[in-house]
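Participant: A predicted structure for the sequence below; I have some questions about it.
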Amino acid sequence: MYGHHRFSEAAKALIVAATATSLIAAPTTALACTQVYMGPELTATGETIYGRSEDAANRYLKEFGVQPRTDGKTYWSGENGPDQDATINFTRTSPGATYRYTFVRDLPEDWDGAEKPYSEAGTNECGVSVDATLTTACNDAIAEADPLLDNGIGEYNVTDVILSEASTAREGVELLGSIIDEQGSQDCNQIWIADANEVWNFQQLSGHQWIAVRMAADTASLNPNMSNLQFAVDLDDSETCLHSADLIAVAEKAGTLVKDDKGAVNVAKSYGLDDEGAGQDTRYVQGHKFFGQDLKAGTDYTLDEDGAVDTIADPQLFFKPARSDYSLFEMLRSVAARGEGTDVDANANDKLYAIGNNRTVECHIFETRAGLDPDIATVQWEALSRGEFSVYVPGYSALLTQVDPELYPSHKDFDSAHVGNENEFERDDEGNRVYKDELIAENEALAMQDSGSKSLAYLFMDLNTLSYNHRGDVADGVHAYLDALQKEIISQQEQVDAKMQEISDGTQRIAFANEAHAEASREVYERGNALLGEVRSYLEAGDFSAPFAPSGLNEDGTLAEPLAYADHMAEFDVEAAAADVVEPVEEAEAETEAEAETEAEAEAAPEEGGIRGLDLFGFFAAFAALIAFSKKNK
């Protein structure tokens, strides 16, 4: 049921080609993500906000955790199976010690058992953040002139490598660029690489070609997997643009080089597709309308017979939104937009593929505040399911050394049985999705049951399944409660952040960050789990004469009982907690340390009966137990 569903480069090429001609032929991989960016001159309080939603399956587990520092490591990709074979999978050895960082990973069982799969988003202890990847494509002529390589670097390893080794965003850009120069790319992608001072849009264009553009403070960006979104850039200005040496030469070789009337290279037209497909084009229009752009059908875009967008007159990667005061709350909700109230409203037209859809598996938004130390400048807001019916939890990811193991289980502790059917559709002979009522019903039956886990991933997976499937009766009430809860967390995070900024000691900051993340997560779980229980009870009762109305809301839409998050952190004894801060270690390293400690204790113990650390009776008892265990497990 939970087989390997990611694809090799050859398979991705076929998928992208199919996507260009059919909305519902989108693949079951991260080929339907939406990435966003809002510069500090366009936000209400001057922060830089960027991130992405990942689309992959109807029900899908993600693991959030902390990757420890190492003295050095070797990366392996599982893009083409779990075998550590450098002819088919990317590999690299770090040149030295590596940094600690947060990650959002798939489970190994979804990559045929390959280890540490696809660490798509996180921040390292230096304050470098990476969001990878937004899958794109290159045109056929470019693919022939500079082919992608199965053992080039791809989405599986990009985040791990950069966060392990880069101390600044520019260093991360240069590192990834040098790897592509030497080893090539496994796939085409766009990636956010950022720190406290700057955000870069990195583009893997083809086998060995790439470009990175430093984002401006007065611009916005929204990209739903489109390679043809145009942008102006000075290739000779290394302050704002870095790129591969043969960027122009490869396009010339392919016969695809396009320049504007001033002689500047149009990278998107030179490398990208002509037709991105209705799914991408529709999400583009939905996103731009979410940010207030007055795009008009017939002029700026056209609609096909199903109401989906089939052409865009002037697709742009960077744009000016309608306002200059976008809030963090709006940015969190932007990756769940469904074109509400427009001519591309997926709630009114079920033939449309929306930004906020039923295959989103995770969303993350990074909020960077200017003028702060790198370790506290960026807050990672994380939702481990579809953004539409989820709450984002804030975390100082540069400082985190641990997460609550109940709310954020390790992949080794996840019981994936509650996932059910990862996909609720089958494909017809033409590769189109055909949703199956029996698969949907099986998943809904699971969502109505307790998962047996306190995992936030399962909580919001179930809430999304039920709210999406019963949109007419349930969605508005769930939206109302979750919006109130999210706004309350954002408000209280400001109070928590004020105290964090008063702390100067590094270890105390770590202790405070660990507790803040744990407390925010606990309160989100408690409120979210209560809401899920109410939704289940409403659906079990079967009386739909009135829509679902959650308890716990005031008439003005605020929470009747405020969170305790800010008060808890105000009373938190950070000095005492700092004494308990320890750096995490790799599981294998922890096992080695435990074995060494046991051996040391044994050596220190008195020797009795000639057996170190054991008397003869204890030795023979242990030996007998070992024999019995061996027989039992043959």
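Facilitator: Noted; the coordinates are in hand.

Participant: I'd like the distance between the residue nearest to R536 when sequence neighbours are not counted and R59.
Facilitator: The spatial neighbour of R536 that comes closest, neighbours along the chain excluded (CB to CB, 6 or more residues apart in numbering), is M448 at 5.5 Å. In this view, the C-beta of every residue, glycine as well, is placed from N, C-alpha and C. As judged by CB to CB, to the nearest Å, M448 and R59 stand 13 Å apart.

Participant: which one of those two has more residues nearby?
Facilitator: Taking M448 and R59 together and counting by other CB atoms under 10 Å, R59 has the greater number of neighbours (25 against 15).

Participant: count of neighbours near the closest residue to the more buried one other than its chain neighbours?
Facilitator: With CB to CB, 6+ apart as the criterion, R59 has its nearest non-adjacent residue at 5.0 Å, and that residue is V419. The number of residues packed around V419, counting by other CB under 10 Å, is 24.

Participant: still on that earlier bit, am I right that the residue nearest to R536 is in contact with V535?
Facilitator: No - applying CB atoms under 8 Å as the test, M448 and V535 come out as separate, 9.2 Å apart.

Participant: shared neighbours, these two?
Facilitator: Common contacts of M448 and V535 (CB atoms under 8 Å, 6 or more residues apart in numbering): L466.

Participant: quick one: what helix or strand has D234 in it?
Facilitator: In this structure, D234 is located outside every helix and strand according to DSSP states H and E.

Participant: actually V524, not the one I typed
Facilitator: Here V524 is covered by helix 506-541, with elements defined by DSSP H and E.

Participant: Let me know the average pLDDT across that helix.
Facilitator: Mean pLDDT, computed over helix 506-541, is 98.

Participant: list the helices and strands the helix or strand that that helix is followed by packs on?
Facilitator: Following helix 506-541 in sequence order, the next helix or strand is helix 565-570 (DSSP H and E). Using 3 or more CB pairs under 8 Å, 6 or more residues apart in numbering; DSSP states H and E, the elements in contact with helix 565-570 are helix 476-502, helix 506-541.

Participant: Can I get those helices in a markdown table including mean neighbour count and distance to E54?
Facilitator: A markdown table is the format used below for the helices and strands packed on helix 565-570 (neighbours: other CB atoms under 10 Å; distance: least, CB to CB, whole Å):
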| stretch | mean neighbour count | distance to E54 |
| --- | --- | --- |
| helix 476-502 | 18 | 19 |
| helix 506-541 | 20 | 20 |
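
Participant: is it possible to export those helices to CSV including distance to T465?
Facilitator: Converted to CSV, the helices and strands packed on helix 565-570 look like this (distance: least, CB to CB, whole Å):
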stretch, distance to T465
helix 476-502, 12
helix 506-541, 10
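
Participant: pretty sure K499 contacts M569?
Facilitator: Yes - with contact taken as CB under 8 Å, K499 and M569 are classed as touching, separated by 6.2 Å.

Participant: Give me the common contacts of the two.
Facilitator: F512.

Participant: quick revisit: ok, the residue nearest to R536 - contacts?
Facilitator: Residues in contact with M448 (CB under 8 Å, 6+ apart) are D462, L466, R536, L539, E540.

Participant: Among these, which one sits closest to N358?
Facilitator: L466 (11.6 Å; CB to CB).

Participant: Confirm the closest one sits in a strand?
Facilitator: No - under DSSP: H, G, I helix; E, B strand; the rest coil, L466 falls outside any strand and is assigned helix.

Participant: That one - how many residues pack around it?
Facilitator: Counted with other CB under 10 Å, the neighbours of L466 add up to 23.
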